[in-house]
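> Let's see this in three dimensions:
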Amino acid sequence: ESLMLTADKNVINVAWIVQYRVRDPQRYLFQIKNVTQAVRDISESVTRRIVGNMDFDYVLSNRDLLAVEVKAELQKELKALQAGLSIGTVQFQDINPPDQVKPAFNEVNEADQDMKRLVNEAEAIYNQKIPRARGYALQIVEEAHGYAVGRINDARGESQRFLSILTEYKHAPEVTKKRMYLETMQEVLPTVESIYIMDKDQQTPLPLLNLSRGGSSSAPLPAKQ
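Next comes the predicted model:
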């Protein structure tokens, strides 16, 4: 009676015990001819029905829940028969696959453990890599946002500066042009290493004046023709 069929069409070996006490002696003695056999048969019927509605893996891993359901159903059936009994304990001692399929079942368990181990390792790598990638992506986004704000502010500053110069130019064109020229030369000349002085009447440049190194070089000027 220990071999049962589960809901997913697998055979499982189930062993259990039932402990009960007499609640009503009169019914216990006269209502049912063989109380022990009745408890045995009803508990087997109830257990088969409940196990038959569960999957194989669920039965293996939930024996406590199975015992609770069997106890409740068994007590209900005995009450309907007026057996005068009160169920104290239903305990499943052993739930295993049949001996013929134990090697295959063990292989399945090992494969399941390997799968869980690989899944845990993958989740560990995921938890390590993904937050780092998200942080790096957030950093890039923030840097891009800062760069955009900087460029916009620079553009606004340049446009405001241009408008200010334009206003001054409209009031005093010559003075503004001369000031802009002098400011530009003041900014550019300190970075120049060589300066050539050109004579508009000459076809060739005049000698080089090396002003940036604190010295000067000179050569005779070519005679004008």
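
> so where's the chain uncertain?
Along the chain, segments meeting pLDDT under 70 span 195-225.

> Tell me where it has strands.
Here the chain has its strands, by DSSP state E, at 3-5, 11-22, 85-96.

> Compare those strands and give me the one nearest R40.
The closest of these to R40 is strand 11-22. By C-beta to C-beta, the value is 7.8 Å. To be clear about C-beta, it is placed using only N, CA and C from the backbone, and glycine gets the same treatment.

> list the buried ones in that closest one?
12, 14, 16, 18, 20 (16 or more other C-beta atoms under 10 Å).

> likewise stretch 24-42?
Across stretch 24-42, burial judged by 16+ other C-beta under 10 Å covers 27-28, 32, 35, 38-39, 42.

> measure that stretch end to end?
Using C-alpha to C-alpha, to the nearest Å, the end-to-end distance of stretch 24-42 comes to 19 Å.

> out of all of them, which helix in the protein is the longest?
Secondary structure of the chain per DSSP state H: the longest helix is helix 102-171.

> between that one and strand 85-96, what angle do the directions make?
Here helix 102-171 points in a direction 80 degrees away from that of strand 85-96 (axes from the mean of the first three to the mean of the last three C-alpha atoms, to 10 degrees).

> Does helix 102-171 pack against any helices or strands, and if so which?
helix 173-188 (3 or more C-beta pairs under 8 Å, 6 or more residues apart in numbering; DSSP states H and E).

> Buried residues, the helix it packs on. List them.
T176.

> now for the strands of the chain, which one comes closest to L65?
strand 85-96 (10.2 Å).

> List of residues touching that closest one?
Defining contact as C-beta atoms under 8 Å, 6 or more residues apart in numbering, one finds that strand 85-96 is touched by 12-23, 28, 35, 39, 43, 59-60, 63, 66-68, 70-71, 74-75, 78, 102.

> Walk me through which strands it pairs with, and which way each runs.
Note on strand 85-96: by DSSP bridges, its sheet partners are strand 11-22 (antiparallel).

> Mind listing residues that contact the strand it pairs with?
In contact with strand 11-22 (C-beta under 8 Å, 6+ apart) are residues 2-6, 28, 39-40, 43, 47, 51, 56, 59-60, 67, 70, 74, 84-98, 101.

> Now list the buried members of the residues you listed.
Neighbour counting with 16+ other C-beta under 10 Å marks 4, 6, 28, 39, 43, 47, 51, 56, 59-60, 67, 70, 74, 84-85, 87, 90, 92, 95, 97 as buried within the contacts of strand 11-22.

> mind checking how far M54 is from I95?
According to C-beta to C-beta, to the nearest Å, M54 and I95 sit 11 Å apart.

> ugh, typo on my part, it should be K116
As defined by C-beta to C-beta, K116 lies at a distance of 21 Å from I95.

> Tell me which of the buried ones among the contacts of strand 11-22 fall in helices.
Among the buried ones among the contacts of strand 11-22, the members falling in helices are 28, 39, 43, 47, 51, 56, 59-60, 67, 70, 74 (criterion: DSSP H).

> Looking at these, which is nearest D112?
D112 lies nearest to L60 out of these, by C-beta to C-beta, at 11.4 Å.
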